[in-house]
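Enquirer: model the following, please.
(one chain, ligands or ions: 1)
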Amino acid sequence: MKHTARQLVTVISLMMAAAGAAAASEIPQIVKQDGRFALMVDGAPFVVLGGQAQNSSNYPLALNKVFAAVQDMHANTLEIPVAWEQIEPVEGKFDFSYVDTLVAEARKNKVRLVLLWFGTWKNTGPSYTPEWVKFNNARFPRMVAKDGKLTYCLSPQGEETLKADKKAFVALMAHIKKIDEAQRTVIMMQVENEVGTYGFVRDFSPTAEALFNQPVPQVVLDHKKPLVPLAKTGTWKQVYGDYADEYFHAYSIASYIEDIAKAGRAVYNLPMYVNNSQRDSTENPVMPWKDNFASGGPNYDVIDIYRAAAPHIDFAGPDIYGPDWKKFTASMNLFQRKDNPLMVPEMSNAAEYVRYTYLVLGRGAIGFSPFGIDYADYSNFPLGHKAIDKTMVEPFGKIYAAFRPMERQWARWAFEGRTYGVAEGDDRQPQTFDMKGWKATISFREWQFGEREYFKKVTDLPAGTEIPNGGVSIAQIGDNEFVIIGQRARVKIDHAEGKPSMWARVEEGHYDAAGKWIMERNWNGDQTDYGLNLTGNPVVLKVKLGTY
Ligand code: DGJ
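Expert: Just a heads-up that it's a prediction; the model follows:
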């Protein structure tokens, strides 16, 4: 049968539309290859350039102030809570009107959503549970302290609590599926928020005691090697000694979360993760809990236990509220593992943290999201930025604006292991790292012209470098080719074996919507004679080097 040209065009466009629709409706998932991870959104690697709203902005009439900040930040994703108390204020009666508005507004604003399930635990406490849960100790038991007193924290052994939380979460997932399956605005779920317990190492209720004195489950033994080897099998105390209380609590909470995540994913299989209020990432040796962190949370020392107990949780992410460079770097090393993709679900939005954007994205994280990106009248200073205005988001916004046009390329390069990142250290010293065949040296507080030794008498330092504020992310896109993005830093790249080399091209530009590089100018002369000197205005450079 012969087709007219017009029929053919129609058939082809229908096929293209079908292919497009298929790609757009592919469910987000985290995939792993060669020990690296990608968050796949619409069938391709995606990096969350995120911002997290404040805790109480999860209401329709509060969203304007959130999206205004998200837009100023040039974020591609908003992380925002969905509270159990708001979707099920009366047991069994669900209200998803907020979720509907949120998803519609996110689409209007062209951003994706990561939803934070504030259920049984929010910063360890039950403040986001509905009133019918909060005050019913008989049905929803609180943890019992060693001295027999009730604690503030809901017990992970509470069977009714688990049943009720799971029911609400499953209802939420079913609703998201119903309204979003075709568009995938919601790309990931955080299950609970900063779990664990402050001030109490674990539950000492009779139920918990009985479990604590049972043999450690084989799956835990398989994953978690004791720091101080004792018995190979036996009760928690026999196997893990002084660490047993914390490990048992971690296992109890992780198992509880697993049950919720598994049930939720059975309904709608989005990626799911847990976030962590951190213990000191530089503690060496790692000591048993001593009232110094939230026991049982997904800290770096118990990621293995979370992996064992919660296979439906894709990863644990560190929330970072300490600007110390050594600790920040240590956290990245501890959470970026072959079995745990790196994402920083929360980080302070204060100025000292801006530099870490480059470190985290350069390390190939699947996501990054400063906290408090929201113009609601509240500041979590001194943890975060003091002023609630554009000065809070602009420093991040400039970086995101530079990354955004190449966000998909960046995510792919990260997945392929081509990316590197540094943040200026608190010591302000140069940093070096090896790439394939090349070595990068990044220095800070430099002027754009000349080498320091030429101008020994000059003691001025560039404005904007009063606090450590420099950072660079590099993707090695070919043997001798790099995409460089950064600020307040000088970048030099030398041949790994010391061959004489020089810049071949240093193009400043951007990727267009079709993924094509658009050169705006080629840096040469003063602009390249003393390394590539990046100011407070992040630019994207496509660089080629050669040897002679
Ligand atoms: C970490 C929590 O996860 C957030 O919800 C928030 O409470 C910040 N701490 C502090 O502002």
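Enquirer: now the residue in the chain that the ligand sits nearest to: closest residue in space that isn't a chain neighbour?
Expert: Closest approach between the chain and the ligand, counting by CB to the nearest ligand atom: Asn380, at 3.8 Å. In short, each C-beta sits where N, CA and C put it, glycine included. Leaving aside its chain neighbours, Asn380 sits nearest to Gly372 (5.7 Å; criterion: CB to CB, 6 or more residues apart in numbering).
Enquirer: next one: the one you found from Val133, what distance?
Expert: 27 Å (CB to CB, to the nearest Å).
Enquirer: do Asp301 as well
Expert: Applying CB to CB, the value for Asp301 to Val133 is 30 Å.
Enquirer: likewise for Pro288?
Expert: Computed as CB to CB, the Pro288 to Val133 distance reads 32 Å.
Enquirer: these two - which one has more neighbours?
Expert: Taking other CB atoms under 10 Å, Pro288 and Val133 do not tie; Val133 has more neighbours (24 against 18).
Enquirer: counting neighbours, what do you get for the closest residue in space to the more buried one that isn't next to it in sequence?
Expert: Leaving aside its chain neighbours, Val133 sits nearest to Phe140 (5.1 Å; criterion: CB to CB, 6+ apart). Using other CB under 10 Å, Phe140 has 23 other residues around it.
Enquirer: dump the residue contacts of Phe140.
Expert: Listed by CB atoms under 8 Å, 6 or more residues apart in numbering, the contact set of Phe140 reads 129, 133, 154, 158, 160-161, 164.
Enquirer: go on, Gln278?
Expert: Neighbour list for Gln278: 293, 299-300, 318-320, 322, 331 [criterion: CB under 8 Å, 6+ apart].
Enquirer: next: Gly417.
Expert: Contacts for Gly417 (CB under 8 Å, 6+ apart) come out as 34, 36, 364.
Enquirer: as a markdown table, these with neighbour count and pLDDT would be great.
Expert: Below are the contacts of Gly417 laid out as a markdown table (neighbours: other CB atoms under 10 Å; pLDDT from 0 to 100):
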| residue | neighbour count | pLDDT |
| --- | --- | --- |
| Asp34 | 8 | 95 |
| Arg36 | 18 | 98 |
| Gly364 | 26 | 98 |
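Enquirer: of the residues you listed, which belong to strands?
Expert: Arg36 (DSSP state E).
Enquirer: give the residue spans of the protein that score low on pLDDT.
Expert: Filtered on pLDDT under 70, the chain yields the residue ranges 1-24.
Enquirer: what about 90?
Expert: The chain contains residues with pLDDT under 90 at 1-25.
Enquirer: so it: which segments form each domain?
Expert: For the chain, the structural domains run 9-405, 431-547, going by automatic domain parsing.
Enquirer: what does the chain have sitting close to the ligand?
Expert: Counting by CB under 6 Å from any ligand atom, the chain comes close to the ligand at 55, 123, 193-194, 319, 346, 371, 380, 383.
Enquirer: distance of the closest residue to Tyr268 other than its chain neighbours relative to His385?
Expert: Leaving aside its sequence neighbours, Tyr268 sits nearest to Lys177 (CB to CB, 6+ apart; 3.8 Å). From Lys177 across to His385, the span is 36 Å (CB to CB).
Enquirer: how about whichever helix or strand the residue nearest to Tyr268 is part of as CSV, C-alpha atoms only?
Expert: Assigned by DSSP states H and E, Lys177 belongs to helix 159-180. Extracted in CSV, the C-alpha atoms of helix 159-180 (Å, rounded to 0.1, in the frame of the first residue of the first chain):
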residue,chain,number,x,y,z
GLU,A,159,3.7,-2.1,65.7
GLU,A,160,0.6,0.1,65.6
THR,A,161,2.7,3.1,64.9
LEU,A,162,4.4,1.4,62.0
LYS,A,163,1.1,0.2,60.6
ALA,A,164,-0.4,3.6,60.8
ASP,A,165,2.6,5.4,59.3
LYS,A,166,2.9,2.9,56.5
LYS,A,167,-0.8,3.2,55.7
ALA,A,168,-0.5,7.0,55.4
PHE,A,169,2.7,6.7,53.3
VAL,A,170,1.2,4.2,51.0
ALA,A,171,-1.8,6.4,50.5
LEU,A,172,0.5,9.3,49.7
MET,A,173,2.4,7.2,47.1
ALA,A,174,-0.8,6.0,45.5
HIS,A,175,-1.9,9.6,45.2
ILE,A,176,1.4,10.7,43.7
LYS,A,177,1.1,7.9,41.2
LYS,A,178,-2.4,8.9,40.3
ILE,A,179,-1.6,12.6,39.7
ASP,A,180,2.0,12.3,38.5
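Enquirer: that older thread, list only buried entries from the contacts of Phe140.
Expert: Neighbour-count burial (16 or more other CB atoms under 10 Å) is assigned, among the contacts of Phe140, to 129, 133, 154, 158, 161, 164.
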